[in-house]
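S.K.: my questions concern the predicted model and sequence given below.
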Amino acid sequence: MAGAAASRMPEIRAAALELFTLHGYEATTMAAIGARVGVRGPSLYKHVASKQELLAGIMVATMDALLAEHARATAGTADPTERLRRAVDAHVRYHARNRLEAFVGNREIRSLVEPHRSAVLSRRAEYELRFRTLVDDGVAAGRFRVSSARLASYAILDLGMGVAAWFRADGELGENEVSWQYTEFALRLVGAD
């Protein structure tokens with residue numbers, strides 16, 4: 001039974017993500033999630049403990065993916081400008097490719113209860129710190145000029161997160177063009193030489 005329940009989790013999580021995006025966490029019921037995947041509401045509890053567990057799972061997985069992408073992107077070079085360029089590229093691409101996760105992650109933080117809320121917020125803080133550290137490193141190396149690395153990191157993060165609101169794969173600009181331009185915006189924002 002555990003194997004069967006685990007095999008349905010990606011499908012259940014995807015249905016929950018879509019419904020949380022469309023209707024919000026509070027308005028989404030377990031019955032609606034179950035109906036999306038062809039499982040009656042009460043039977044859904046054989047697969048998942050609660051709607052809160054689904055939301056937390058989505059949000060933790062999103063932050064873990066962002067942290068992993070950031071680590072991969074910044075590995076292999078010590079150059080502050082290149083590290084920031086790669087980090088912004090990964091950030092923008094993640095948000096272009098995972099629009100629903102970004103939307104739910106930003107809107108539904110208020111719906112998380114402890115200990116899930118702290119788990120997500122600590123990951124968010126770590127992610128922001130990584131960008132701030134990149135900016136600080138660039139300032140220390142004389143490559144960036146900003147008065148506040150914290151504000152610069154927030155602005156860079158907002159740039160990428162905003163992509164999730166408007167980007168469409170079949171839109172006027174492709175992912176590569178958007179990522180390149182946003183990376184240029186970020187480098188200008190920090191006063192890169």
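M.R.: Ah, there it is. Residues are numbered from 1 along each chain as shown.
S.K.: tell me the gap between the helix or strand of the chain with the lowest mean pLDDT and the middle of its chain.
M.R.: Within the chain, no helix or strand scores below helix 41-44, which has a mean of 78 by mean pLDDT, DSSP states H and E. Mean C-alpha position of helix 41-44 versus that of the full chain (Cα atoms, centre = their mean, to the nearest Å) differs by 29 Å.
S.K.: got the contact list for it?
M.R.: For helix 41-44, contacts defined as Cβ atoms under 8 Å, 6 or more residues apart in numbering pick out I12, T29, M30, A31, I33, G34, A35, V37. Quick note: C-beta positions are derived from backbone N, CA and C, even for glycine.
S.K.: now, these that are in helices?
M.R.: By the criterion of DSSP state H, membership of the contacts of helix 41-44 in helices covers I12, M30, A31, I33, G34, A35, V37.
S.K.: quick one on the thing from earlier: by neighbours, which of the contacts of helix 41-44 wins?
M.R.: I33 (24 neighbours; other Cβ atoms under 10 Å).
S.K.: before we move on, back to that, export the ones in helices among the contacts of helix 41-44 to CSV and tack on pLDDT and distance to G160?
M.R.: Listed next are those as CSV, based on pLDDT from 0 to 100; distance: Cβ to Cβ, whole Å:
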residue, pLDDT, distance to G160
I12, 96, 28
M30, 93, 32
A31, 92, 35
I33, 95, 29
G34, 94, 34
A35, 94, 34
V37, 95, 31
